[in-house]
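Enquirer: pasting the sequence and the predicted model now:
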2 protein chains.
Amino acid sequence: MTNHAFAHHDHDKCVNHALSTADQLCETRNVRMTPTRRRVLEILLEEHKALGAYDILERLRTDCVADKPPVVYRALNFLVEQGFVHRVEKLNAYIACDQPNARHNPIFLICQTCHHVSEQKSDLIEGLAPAIDADSGFQVQKLVFEAQGVCPSCQKDA
Amino acid sequence: MTNHAFAHHDHDKCVNHALSTADQLCETRNVRMTPTRRRVLEILLEEHKALGAYDILERLRTDCVADKPPVVYRALNFLVEQGFVHRVEKLNAYIACDQPNARHNPIFLICQTCHHVSEQKSDLIEGLAPAIDADSGFQVQKLVFEAQGVCPSCQKDA
DNA sequence: CAGATATGCGTTATGTTATAACATGTCAAG
DNA sequence: CTTGACATGTTATAACATAACGCATATCTG
């Protein structure tokens, strides 16, 4: 498992890098990174946390961009399909992906205190889909793995 | 991992057994198994699949039991707290637990074709919470693990 | 047993998340 | 330069969930 869970980083750089990576991937894949889609991704990258669809909608509103629910849901569906954004099931929320290059099964660590969500990787999980298939014959297409608890920082504060 | 995924079983027996187990556990724990709570559990056991809160509500309605949303949500919250029912996050739905005796982290295999949900156990998962804690310092309180895909039976039909 | 306290229930109203359906616009390929 | 595919804009509504308040019932305690 990687260990960047609750560490700091250069945020501007991270946003711009992720945006241009997404642009490139769209070109490669022959799909369109439209202004609305890009703006939604940018919002998620800037916030760097899990946002509800209606939170995003509100930010679009201040941009004077179209502000009806289907607008944001369509953009989110696209971004999730392309792997640029993940949906956090436990929160009914969306979060920009750390590593949009590689298709992977994310693990989310959701802090109940500060509401931060950290994306983790684990080889253990990547091996699990085949294991389930081998054992029970169930053909896994998508894994959801989310842990709720208290992050290191909030444990200290307590 | 256990292997009863999509097998048959004696359903009446399974319902009655689960209900009386729940009754006993409530007595032991000094909490109340009220008629509404018991009826909701019974509905979930009988259906033996994941039901939305409003599906349950509808069944209560035909019983001439109170039929407002808070009634069913309160019952579900109780049943989930006691471990008699699990919430399936991916589906916003609820399903009766196979093994209400033992507190555990369930894995759900959700078939996209027939919509059956199968509860699995895995030692792998039980060991994961401590592993996450050891690795990243994140203190896990609840794990959500759900796999979407195609069950063996639906693979054959395809 | 009376009164106090805690727990659960019934109901109204509303909040939150998500999609169906259909009309309009845009762009690139033939 | 038009046709077809993809994307957007909008209305309306579906689906999921909870806040808040008053009443009922159970249990505890003196």
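Expert: Ah, there it is. Residues are numbered from 1 along each chain as shown, chains lettered A, B, ... in the order given.
Enquirer: could you pick out the longest helix of chain A?
Expert: In chain A, assigned by DSSP state H, the helix with the most residues is helix A:11-29.
Enquirer: C-terminal to that one, what's the next element?
Expert: Next along the chain after helix A:11-29, taking DSSP states H and E as the criterion, comes helix A:35-47.
Enquirer: list the buried residues of that following helix.
Expert: Buried positions in helix A:35-47, judged by neighbour count with 16 or more other CB atoms under 10 Å in any protein chain shown: A:36, A:37, A:38, A:39, A:40, A:41, A:42, A:43, A:44, A:45. C-beta: built from backbone N, CA, C; applies to glycine.
Enquirer: and those as a markdown table, adding distance to DNA strand C and pLDDT?
Expert: Converted to a markdown table, the buried residues of helix A:35-47 look like this (distance: CB to the nearest atom of the strand, whole Å; pLDDT from 0 to 100):
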| residue | distance to DNA strand C | pLDDT |
| --- | --- | --- |
| A:36 | 12 | 95 |
| A:37 | 14 | 96 |
| A:38 | 14 | 96 |
| A:39 | 16 | 96 |
| A:40 | 13 | 97 |
| A:41 | 16 | 97 |
| A:42 | 19 | 96 |
| A:43 | 15 | 96 |
| A:44 | 13 | 97 |
| A:45 | 19 | 96 |
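Enquirer: ok, those vs residue A:148, which is closest?
Expert: Using CB to CB, residue A:44 is the member of the buried residues of helix A:35-47 that lies nearest residue A:148, at 20.7 Å.
Enquirer: so the closest one touches residue A:86, yeah?
Expert: No: at 9.8 Å, residue A:44 does not count as touching residue A:86 under the criterion of CB atoms under 8 Å.
Enquirer: ok, residues contacting the helix or strand bottoming out on mean pLDDT in chain A?
Expert: Of all helical and strand segments in chain A, the minimum by mean pLDDT, DSSP states H and E falls on helix A:123-126, at a mean of 78. If you take CB atoms under 8 Å, 6 or more residues apart in numbering or on different chains as the criterion, helix A:123-126 is touched by A:1, A:104, A:105, A:107, A:143, A:145, B:124, B:128, B:131.
Enquirer: one more pass at 10 Å, please.
Expert: A:1, A:104-107, A:131, A:143, A:145, B:124-125, B:127-128, B:131-132, B:145 (CB atoms under 10 Å, 6 or more residues apart in numbering or on different chains).
Enquirer: wait, does the longest helix of chain A make contact with DNA strand C?
Expert: No: shown here: helix A:11-29 not in contact with DNA strand C (CB under 7 Å from any atom of the strand), separated by at least 12.1 Å.
Enquirer: that older thread, now distance to residue B:64 too, for the buried residues of helix A:35-47, in a markdown table please.
Expert: Listed next are the buried residues of helix A:35-47 as a markdown table, based on distance: CB to CB, whole Å:
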| residue | distance to residue B:64 |
| --- | --- |
| A:36 | 49 |
| A:37 | 50 |
| A:38 | 54 |
| A:39 | 52 |
| A:40 | 47 |
| A:41 | 51 |
| A:42 | 53 |
| A:43 | 49 |
| A:44 | 48 |
| A:45 | 53 |
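Enquirer: any common contacting residues for residue A:44 and residue A:86?
Expert: By CB under 10 Å, 6+ apart, residue A:44 and residue A:86 have these common neighbours: A:50, A:79, A:93, A:94, A:95, A:96, A:97.
Enquirer: which among those residues gets closest to DNA strand D?
Expert: Proximity of the shared contacts of residue A:44 and residue A:86 to DNA strand D (CB to the nearest atom of the strand) peaks at residue A:79, which lies at 10.8 Å.
Enquirer: what distance do you get for that closest one to residue A:62?
Expert: Distance, residue A:79 to residue A:62, by CB to CB, to the nearest Å: 20 Å.
Enquirer: looking at the two, which one has more neighbours?
Expert: For residue A:79 versus residue A:62, the count of surrounding residues by other CB atoms under 10 Å in any protein chain shown is larger for residue A:79: 24 against 8.
Enquirer: in the least confident helix or strand of chain A, which residues are buried?
Expert: Those buried within helix A:123-126 under the rule 16+ other CB under 10 Å are A:124, A:125.
Enquirer: just the C-alphas of that helix, formatted as CSV.
Expert: Provided in CSV are the C-alpha atoms of helix A:123-126 (Å, rounded to 0.1, in the frame of the first residue of the first chain):
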residue,chain,number,x,y,z
ASP,A,123,-1.8,-5.0,-4.3
LEU,A,124,-3.9,-7.0,-2.0
ILE,A,125,-7.0,-5.6,-3.6
GLU,A,126,-5.8,-5.9,-7.2
